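Novice: Quick one: sequence and predicted model below, then my questions.
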Amino acid sequence: MDIIIITGGSKGIGKALVEKYAAENYKVYSLSRSIADLKNCTQIPIDLSNTIEMQRSFKTLLDNLNKIEISSITLINNAGRLGTIANLENIESDDISKSIQLNTTTPLILSSLFIKSFEDLSCKKQIITISSGAATKPYEGWSVYCTSKAAIDMMTKAIAAEQRELKNGLKCVAIYPGVVDTNMQTTIRSTNKKDFKNLQRFIDLKENNELYTPEFVANSIFKIDTENQLENGAVIDIRNF
Ligand SMILES: NC(=O)c1ccc[n+]([C@@H]2O[C@H](COP(=O)([O-])OP(=O)(O)OC[C@H]3O[C@@H](n4cnc5c(N)ncnc54)[C@H](OP(=O)(O)O)[C@@H]3O)[C@@H](O)[C@H]2O)c1
């Protein structure tokens, strides 16, 4: 059985990933706060910014998988938030904390539990993290988001370095999905221009029909995954693929 666990499978890119992998006969699990109308997917309602609740639910899920039946297993760290768009001095501490928790701490904890749980398994094992071009480009107004994404790129490279040394090590890659037509983009376009200097660029991308659809991104990720094109530790941009 091919298993995939996707965080934030209820909306946007995550939802399209759930639908794509389910259509390809994977056993799909999605972790998010809300439950979506999704077929052939086990949805686990969970707030991934609550460390205790998240660890408990994720460990229960992993412990209940029958390891003998697994032919491949993948974790996709996809759930993410932009948080308040403004200069850092105008963002509340709690909002900074929430973004770092969901975008950085949660992928680190889930990845840690995932690696530990399957360390003796010799089948195909991988962690795919949905990062962002914001990891390398310092957008004004997105300091927290940029920081959180830069951190998970390094997480990807460091896990890959650690796992390379091991007998049953897994593969860890990060993917920048491009600019994608999801709620996150709706939020960006509704920002006040004084808080986000790049606003017009994102409005233009939408008006010129230049946003990727979540389905296009999910198909590309599936292709990259199944055609096994990436080195361990690779951090790639879909736009260059
Ligand atoms: N859209 C873009 O242009 C773009 C560009 C670059 C990178 N990305 C990255 O792509 C990923 C997906 O983004 P998207 O555009 O698809 O965003 P989205 O449409 O806003 O979806 C976000 C997903 O994350 C889940 N989520 C948010 N907070 C959560 C929490 N506390 N606990 C559990 N789940 C939570 C949401 O589910 P619930 O609300 O049901 O909890 C939802 O399924 C993110 O990591 C984002 O940074 C997006």
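Specialist: That came through, no problem.
Novice: in the protein, which residue is closest to the centre?
Specialist: Asn78 (1.8 Å; CA atoms, centre = their mean).
Novice: my guess is that residue meets Ala16, correct?
Specialist: No. The criterion here is CB atoms under 8 Å, and Asn78 misses it with Ala16 at 10.0 Å. (Each C-beta comes from the backbone N, C-alpha and C, glycine too.)
Novice: What parts of this structure come near the ligand?
Specialist: Within the chain, the positions adjacent to the ligand are 8, 10-14, 32-34, 47-49, 78-81, 102, 130, 132, 177, 179-180, 182-185 by CB under 6 Å from any ligand atom.
Novice: Among the residues you listed, the buried ones, what's the PyMOL command?
Specialist: In PyMOL, a selection of the buried entries from the residues of the chain next to the ligand looks like this (16 or more other CB atoms under 10 Å):
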select buried, resi 8+10+11+12+13+14+32+48+49+78+79+80+81+102+130+132+177+179+180+182+184+185
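Novice: Now do the helices in this protein.
Specialist: Along the chain, the stretches classed as helices by DSSP state H are 12-23, 51-63, 93-100, 106-117, 143-164, 183-189, 199-207, 214-226.
Novice: mind saving the C-alpha coords of the longest one as PDB?
Specialist: The C-alpha trace of helix 143-164 is given here as PDB (Å, rounded to 0.1, in the frame of the first residue of the first chain):
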ATOM      1  CA  SER A 143       9.400  39.100   7.400                       C
ATOM      2  CA  VAL A 144       7.900  36.300   9.500                       C
ATOM      3  CA  TYR A 145       6.700  34.200   6.500                       C
ATOM      4  CA  CYS A 146      10.000  34.600   4.700                       C
ATOM      5  CA  THR A 147      11.900  33.600   7.900                       C
ATOM      6  CA  SER A 148       9.700  30.500   8.500                       C
ATOM      7  CA  LYS A 149      10.100  29.300   4.900                       C
ATOM      8  CA  ALA A 150      13.900  29.900   4.900                       C
ATOM      9  CA  ALA A 151      14.000  27.700   8.000                       C
ATOM     10  CA  ILE A 152      12.200  24.800   6.500                       C
ATOM     11  CA  ASP A 153      14.500  24.900   3.500                       C
ATOM     12  CA  MET A 154      17.400  24.400   5.900                       C
ATOM     13  CA  MET A 155      15.400  21.700   7.700                       C
ATOM     14  CA  THR A 156      15.100  19.900   4.400                       C
ATOM     15  CA  LYS A 157      18.800  20.100   3.700                       C
ATOM     16  CA  ALA A 158      19.800  19.100   7.300                       C
ATOM     17  CA  ILE A 159      17.400  16.100   7.400                       C
ATOM     18  CA  ALA A 160      18.700  14.900   4.000                       C
ATOM     19  CA  ALA A 161      22.300  15.200   5.300                       C
ATOM     20  CA  GLU A 162      21.500  13.200   8.400                       C
ATOM     21  CA  GLN A 163      19.500  10.500   6.600                       C
ATOM     22  CA  ARG A 164      22.100  10.000   3.900                       C
END
